[in-house]
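Participant: Okay, predicted coordinates and the sequence, questions at the end:
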Amino acid sequence: METPRIWVTTATERGKEEEIQLRSNNLRRLMMSPVLGVSFLALVLSGGAWAFAPIGGGASTHVSITGVAVLQKVTDVCRAIAETEGRDFTPTGNSAEELVKACLGPKATGEVSAAKFKSALNEIYVQNGQVDRDFVNSPAHHFNSEAFSEGRHLITDGVASIKANIRKENFQAARETLGRVLHTLQDFYSHSNWVELGYTESYANLIRPDLPLENLADVNTPTCSDCANGGFCSNSILPNILNEKKLTSGYMGIFSSAKPKGKCSHGGAADLTSSEVPRGGISKDERRSDNMALHTAAITVATTATLQLLDDIRGAAGDNDYLRFMGIARSSVVAFVIDTTGSMKDDILEAKRVVNEIIDSKKGTQDEPSQYILVPFNDPAFGPLIRTTNPDVMKREIAKLKADGGGDLPEMCLSGLQLALTGAPASSHIYVFTDAVAKDIALKDTIVALIRSTKSTVSFFMTGDGAGARRRRRGLESRAATFETYKDLAVASGGQAIGVTKENLPQATDIIIDSSTSALVTVLQRARNPGKAETFSFLLDESLNNITIYITGKALTFTLKNPSGVTQKQNEANGKLGTVQTVGNLYRVRLASNKQTGLWEISMNSNQPYTLKVTGMPAMLLVSVLGRKGPSLCQGGQHCLGDSFRRQSTTQMSISKVTIKAVVDRSMEPGKAFSLPFTVMTDAPGGTYKISARNDRDFKMNVPSSITVATGGKPTGVLTITVPANTPSGTDVTLTIEAVAPGAVDSKLRRPAPLCCHQGYRFHPSQGVGSLTHTDLKQTVVAAAFNASCCSLTVEMVAVDKAMNVGTCLYTKVTDLTPPQCEVVSVSSVDCPADAAACNGSFWQLSANLTDGVNGTGIANLTHRQGVGSLTHTDLKQTVVVAAFNASCCSLTVELVAVDKARNVGTCLYHTKVTDFTPPQCEVVSVSSDDCPADPAACSSSFWQLSANLTDGVNGTGIASITHRQGVGSLTHTDLKQTVVAAAFNASCCSLTVELVAMDKARNIGTCLFSIVPNAGPPSLALSLPLLVCLLVSALFTTSLRDLLI
């Protein structure tokens, strides 16, 4: 999918061209605060409540739902990464800074800022809210009027675009699309009867294009009863709809009251259909007395659905790229654009050294780049773009640069810069090193549009005479090119333009480093051309430290004054207010650490062009993630002296009397024409405006040459752009539409070179199984044809020219909408112990089969999350991939994540459990009959034996070990794998007690305690006299009786 970014160029009646973004300046100011911006959209632009709104004391908005889900998912990802790295994830508080710091862990040294994270959230929030502004009458964008198929299509196409953009590192485009997709997804639960049907889980089919939308009420089926009061009634959905689980949504009419017979309405004063029978509405956007439970249920399920969608994106992106997508983990990219013409021979060695120092300075900090980019430029050639994630590789590429060629003196600087801006993701830091002015000055407007769309910062370091007079060619192309061109571009991006000698370039390194931290905020930025005497004020509060003032210009003086009236001039290197350092045309003023809070002033005096920028580092969190009351942002010439503190956007904003509005409502598809309606409005005198357009990809476009505009009128034109069929998914396109007022001077733009056309002697496919044919390579344009079966859906053509430059065309025919399937085949039988302290000694293993099916694109990568262990798998090229996960019992959960080549995500989530809580049982079967003597001295010659049966039961994990204690003797037993283990203990009579100890595999313990009693020996007789007489008499009587019997 292509993601268009649209920018507008207008020309006033005086002929001055200015760039403005596709939203009014007033609206953009409001957008800087997420909650305020979205509220403005919902209440002002739509005129009513079209979405979740905080009514009746509730706080449930699209912003709050999105914010809760995004923060929870970021927390989940950060915790998973910390667990994998073997460290704790323990945020010290709830602020964005504390979350980011805990997420990055000890690898981020120095200042840690949440500025990019909050900026990323703001982009999502703003685009979410603008759905209500730009698509208020679109049923599909809100799941109104039973537009379920169309709404699901918006979601699934959007998710595919998000994944493709993340893969291409177009993170800003991905975030903006995410905001729009989430709005539509969340509206489903508020505008349909999903929660009325009793469902408490999200509808997974909305993000799964391979699953059907089932049991939809058709257009002829009545769904609601009449609400006599014309407002909202409880239980207005017909009983048969609820009993049959039919899915419906309310019809919405802004311009018409028509709806199918018997259908539910959205409801509300702005919905004209709600006055038609059946009257009322089923919207749960607002919390009302009749729907409090349903409103709460809709919020809960919408939040769950948002989490589910975010998790799908996380699975496709991977944890590290997901955090970059959210503006957290190593999100910055550093690009170097270096002049390699012969005139740089004296300077290029020093430029290389400075670049190496910049790379080294960022290691181990939050601003350590996720990627490095190098774009050399010469004349007439520029590029290629070289990118790497390895700083040492970048150093080696820098070392290869040589200064040679060029011929005439102005160079292709802006072409090289354009390549860097289009190749680098948003919010990159780009450094340009050159000694000459730009030959390709016609690209200036395109560069400005790219700077504003990408929010990248561009700084120029120009060695030589600065103004570029000796470098300037007398031709038409560069007649307007001076060093001021670079200064204008730097100001537009929030960067610096410094003219220095080769000797002073090392001093400029510190300026590069301290001005590129992600924690930096801009307090004030101004530019004057021509220069004039002027005093600027700026407010410093206790939340800022490390205040630095940057001033560029020649033949200037300035005086700085603090709130107490203490002053310091430009020639005081160490004054009462701070230190002043001069490098070339740059003054850097560092305020002392004990700076006063309050209103400061700086008085500038020069008739030459100059720039002024005041920056600082935040000492505390000023804006919460969800937009609680925080600092305002001053734009352009706004005065915010009544505010408690001041911040300013780093990207310069300009104002025009001409406004062009265009709404991008879908993604572009390769090979198909894309139509973009746009509206031209003006407060200036009307007339015929010349219209032109350009894009940074050189895609074919058609646009009307002129439009007649009346004052206050809104005529509409249509721009058509055709994306080549071989354009990779995830490519973003920057369009610039230009409207020139009557009598103004039009400007022309040199078109960049085509993307995939290279004259060369090698031309071959690097991906794809098929046949490639092409025309003669000596031709200027080589026509190629690739034929393949549907078993091979991807082809990448690689063209190498005679200068060894490489160009590629990657094309994938996406027919795979089904995620990989995962089946758990087996789990090892070893159960984990109930005692967590014993978890390290036990292990378990999971085996699973994963497949993308016979018709799928194939599994591209297989990872695991929510588990610490080792994952192995067979070749991903196989139809069925066998995976094995091994972990200790300290980690009881694993989630396997399989992503196919179409970026569909399939998962296996498994929890192993401690199931054996019963200890082994012991039964004494017999004890030997030999008695032990009472005399301890005779114990060693007598022995005894105990026999016992031990078992862990039929459902137990099995006996792991049998030992004895409290006894000295020998223990033997049968095989421990048997269900019943027979044990025998033999001991001498010197040891009369034994305790058998049996432990099962779940670490449960059972015991047998037995003690033997020693023998007392034969009885001894002690006879008394009466007893003796009695015995004798008895004996005599017995003898006499015997004699008589004989």
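Facilitator: Thanks, I have the structure now.
Participant: what's the burial count for residue 601?
Facilitator: By the other Cβ atoms under 10 Å criterion, the neighbourhood of residue 601 contains 15 residues. All C-beta spots, glycine's among them, are computed from the backbone N, C-alpha and C.
Participant: For it, list the residues it contacts.
Facilitator: 535, 536, 537, 560, 561 (Cβ atoms under 8 Å, 6 or more residues apart in numbering).
Participant: distance between the strand or helix carrying it and the chain's centre?
Facilitator: Here residue 601 sits within strand 598-605, counting by DSSP states H and E. Offset of strand 598-605 from its chain centre (Cα atoms, centre = their mean, to the nearest Å): 40 Å.
Participant: And for stretch 236-245?
Facilitator: The answer for stretch 236-245 is 40 Å, by Cα atoms, centre = their mean.
Participant: Show me just the buried residues among the contacts of residue 601.
Facilitator: Among these, those classed as buried by 16 or more other Cβ atoms under 10 Å are 536, 560, 561.
Participant: Enumerate every residue touching the last one.
Facilitator: Read that as residue 561. 567, 600, 601, 602, 603 are the contacts of residue 561 under Cβ under 8 Å, 6+ apart.
Participant: hang on, the earlier thing: which members of the buried ones among the contacts of residue 601 occur in strands, if any?
Facilitator: Among the buried ones among the contacts of residue 601, DSSP state E puts 536, 560, 561 in strands.
Participant: I'd guessed the first one sits against residue 527; true?
Facilitator: No: at 11.2 Å, residue 536 and residue 527 do not qualify as touching, with contact defined as Cβ atoms under 8 Å.
Participant: Just after the longest helix seen in the chain, pick out the following helix or strand.
Facilitator: Criterion DSSP state H: the longest helix present in the chain is helix 292-317. With elements assigned by DSSP H and E, the helix or strand that comes after helix 292-317 is helix 319-325.
Participant: Which strands and helices lie in contact with that following helix?
Facilitator: Other elements packing on helix 319-325 under the criterion 3 or more Cβ pairs under 8 Å, 6 or more residues apart in numbering; DSSP states H and E are helix 62-84, helix 148-167, helix 171-191, helix 292-317.
Participant: ok, and what's touching it?
Facilitator: Here helix 319-325 has contacts from 74, 77-78, 80-81, 103, 120, 166, 169, 171, 174-175, 313-314, 317, 329-331, 370, 865, using Cβ under 8 Å, 6+ apart.
Participant: What would that helix look like as PDB? C-alpha coordinates only.
Facilitator: Listed next in PDB are the C-alpha coordinates belonging to helix 319-325 (Å, rounded to 0.1, in the frame of the first residue of the first chain):
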ATOM      1  CA  ASP A 319       9.200  -6.000  19.900                       C
ATOM      2  CA  ASN A 320      12.100  -3.700  19.000                       C
ATOM      3  CA  ASP A 321      10.500  -2.200  15.900                       C
ATOM      4  CA  TYR A 322       7.200  -1.800  17.700                       C
ATOM      5  CA  LEU A 323       8.900   0.400  20.300                       C
ATOM      6  CA  ARG A 324      10.500   2.400  17.500                       C
ATOM      7  CA  PHE A 325       7.100   2.700  16.000                       C
END
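Participant: Poorly predicted segments of the stretch 351-500 of the chain, please.
Facilitator: Where the stretch 351-500 of the chain drops to pLDDT under 70, the residues are 364-367, 405-410, 453, 464-481.
Participant: for it, what spans make up the strands?
Facilitator: 371-377, 386-388, 429-434, 457-463, 497-500 (DSSP state E, counting those that start in this stretch).
Participant: Generate CSV for those, with mean neighbour count as supplementary columns.
Facilitator: What follows is the strands of the stretch 351-500 of the chain, written out as CSV (neighbours: other Cβ atoms under 10 Å):
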stretch, mean neighbour count
strand 371-377, 23
strand 386-388, 17
strand 429-434, 25
strand 457-463, 25
strand 497-500, 24
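Participant: can you put those in CSV and add distance to residue 740?
Facilitator: Rendered in CSV, the data for the strands of the stretch 351-500 of the chain read as follows (distance: least, Cβ to Cβ, whole Å):
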stretch, distance to residue 740
strand 371-377, 30
strand 386-388, 37
strand 429-434, 29
strand 457-463, 26
strand 497-500, 28
